[in-house]
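Enquirer: coords please:
(4 chains)
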2 protein chains.
Amino acid sequence: MMKYRRIPEETIRRMPRYLRAFSTLGGHGRGFLSSRQLADYLHLNPPQIRKDLSYFGDFGTRGVGYPVSQTAEQIRKILKLDVSQKAVLIGAGRLGTAIASYPGFAIFGFNIAAIFDNAPAKIGKKIAGLTIQDTARLAAIRSGDVHLAILAIPGEAAQTCADTLVQAGVRGILNLSPCWLRVPKRVKIVSIDLAMEMGTLPYYIK
Amino acid sequence: MMKYRRIPEETIRRMPRYLRAFSTLGGHGRGFLSSRQLADYLHLNPPQIRKDLSYFGDFGTRGVGYPVSQTAEQIRKILKLDVSQKAVLIGAGRLGTAIASYPGFAIFGFNIAAIFDNAPAKIGKKIAGLTIQDTARLAAIRSGDVHLAILAIPGEAAQTCADTLVQAGVRGILNLSPCWLRVPKRVKIVSIDLAMEMGTLPYYIK
DNA sequence: TTGTGTTTGTACTCACTTTCACAAGCTCAT
DNA sequence: ATGAGCTTGTGAAAGTGAGTACAAACACAA
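Expert: Numbers count the residues shown, from 1 in each chain, chains lettered A, B, ... in the order given. Take a look at the predicted model:
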């Protein structure tokens, strides 16, 4: 393994991609994937993949490639996705409902443990097998070991909701509302606004 | 204005953020915003914002800041968001429905012009004021000037659907399915898999 | 008109990230 | 055992982007 070097942020950002590639291309476990095959699939360059993976260990075999199930498991360990990660979902609107029933989270070991909403009409109803709870009771999650939250609510409520989540012990937030949240530095935020992400597309056309 | 320099990819990626910041912070038009104010809101450094904007012109006034409505309009021009951009939405499932009714697209000038799905049960029904059409008729959009598409369908169907879209003249795709699409180089893709984006969060916890 | 305070635009420097090139190491056929 | 053919791991080079520091320019008060 490479003698210690700081692991680039960008490398971390690519790790989930590698995990998905191994899951998708690797079929059901046995077998090997070369950096070339991975690169073709992910639209990256082979050396970049090799270097990224080598930051964490010598997972590959020269002349052969990377063993599918073993390497996938290693990446899960690195990303701490080898244990089921509980997350709460805030917002049972259309987007929240879509997320609750999206099977993609399971691949990464995420487990949506509870759903909250503040609309009285929704509280008590079930989506994806979970009963919608009142946002007012959000603080209660402190007792369980929930460190992740998905925020699928309109922008106005997002900041106060984030504050509550941080209070309740949440350490990572996937923010789908169109605003920038202020949180303590120990809390990690990933913000996605679909409309904004789309905002660059016309620039590249023609 | 700065003598010509290649505009960094990252600068382009930030432009929609600036546009949103001007829209959100700027209130209803008149007034100025300084790079400091923008930076506080967007969690960026003031010089970066100044440099980014200066690639496209001298929009600011020294000692004052950037005029809200004027600069917003300039950014819209740069990103080609000053004219309404038509987009088709493929997939009328839960995610598709959420997107169709998300008001955020309007801020960036996107106009969802049609919705397609291949499930017979859905075709003919209406969501967000639009009648769901059969995916088989996707090629028909060639006649209208639609250059953008939003892909909100399961992974298996995504590639063939993308092929059809490219055939039909689409030049930019917001891909929400968990796969990497193969398209001609002239077509720009923005891919987002919510589960995968969330995949880095546990790494940073503790 | 002059001085103070503020903010932009940008050259320069520094940091980070990607790509290249190749030695090291594995497999398999002969 | 040996050589041919691959593929990994990585130091060094190239490329890209971010941060610093400061001159230029504006507003406003005296």
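Enquirer: wait, what's in contact with the residue nearest to residue A:104 when sequence neighbours are not counted?
Expert: In this structure, residue A:104 finds its nearest non-sequential neighbour in residue B:195, 3.8 Å apart by C-beta to C-beta, 6 or more residues apart in numbering or on different chains. (Each C-beta comes from the backbone N, C-alpha and C, glycine too.) Residue B:195 is in contact with A:102, A:104-105, A:107-108, A:110, B:178, counting by C-beta atoms under 8 Å, 6 or more residues apart in numbering or on different chains.
Enquirer: What pLDDT is listed against residue B:195?
Expert: With respect to pLDDT, residue B:195 has a value of 98.
Enquirer: What helix or strand is residue A:164 located in?
Expert: Using DSSP states H and E, residue A:164 falls within helix A:155-167.
Enquirer: measure residue A:45 to residue B:12 for me?
Expert: 21 Å (C-beta to C-beta, to the nearest Å).
Enquirer: can I see the domain layout of chain A?
Expert: Domain assignment for chain A by automatic domain parsing gives A:9-78, A:85-197.
Enquirer: Point out the most buried one among those.
Expert: Of all those, domain A:85-197 carries the top mean neighbour count, a mean of 19, counting by mean count of other C-beta atoms under 10 Å in any protein chain shown.
Enquirer: how far away is the nearest residue to residue A:135 once chain neighbours are set aside from residue A:178?
Expert: The spatially closest residue to residue A:135, leaving aside those adjacent along the chain, is residue A:118, at 4.1 Å (C-beta to C-beta, 6+ apart). Applying C-beta to C-beta, the value for residue A:118 to residue A:178 is 19 Å.
Enquirer: next one: residue A:68
Expert: Distance, residue A:68 to residue A:178, by C-beta to C-beta: 39 Å.
Enquirer: ditto for residue A:47
Expert: Distance from residue A:47 to residue A:178, by C-beta to C-beta: 37 Å.
Enquirer: Could you do residue A:161 as well?
Expert: Distance from residue A:161 to residue A:178, by C-beta to C-beta: 14 Å.
Enquirer: same for the worst-scoring helix or strand of chain A on mean pLDDT, what does it pack against?
Expert: Ranked by mean pLDDT, DSSP states H and E, the weakest helix or strand in chain A is helix A:104-107, scoring a mean of 94. Under the contact definition 3 or more C-beta pairs under 8 Å, 6 or more residues apart in numbering or on different chains; DSSP states H and E, helix A:104-107 sits against helix A:9-25, helix B:194-198.
Enquirer: where along chain A do the helices fall?
Expert: A:9-25, A:35-42, A:46-54, A:68-78, A:94-100, A:104-107, A:155-167, A:194-198, A:201-204 (DSSP state H).
Enquirer: average pLDDT across the first one?
Expert: Which is helix A:9-25. On average, helix A:9-25 scores 97.
Enquirer: near DNA strand C, anything from that helix?
Expert: Yes. Helix A:9-25 reaches DNA strand C (C-beta under 7 Å from any atom of the strand) through A:9-11.
Enquirer: Mind giving me the packing neighbours of that helix?
Expert: Using 3+ C-beta pairs under 8 Å, 6+ apart: helix A:9-25 touches strand A:32-33, helix A:35-42, helix A:46-54, helix A:68-78, helix A:104-107, helix B:194-198.
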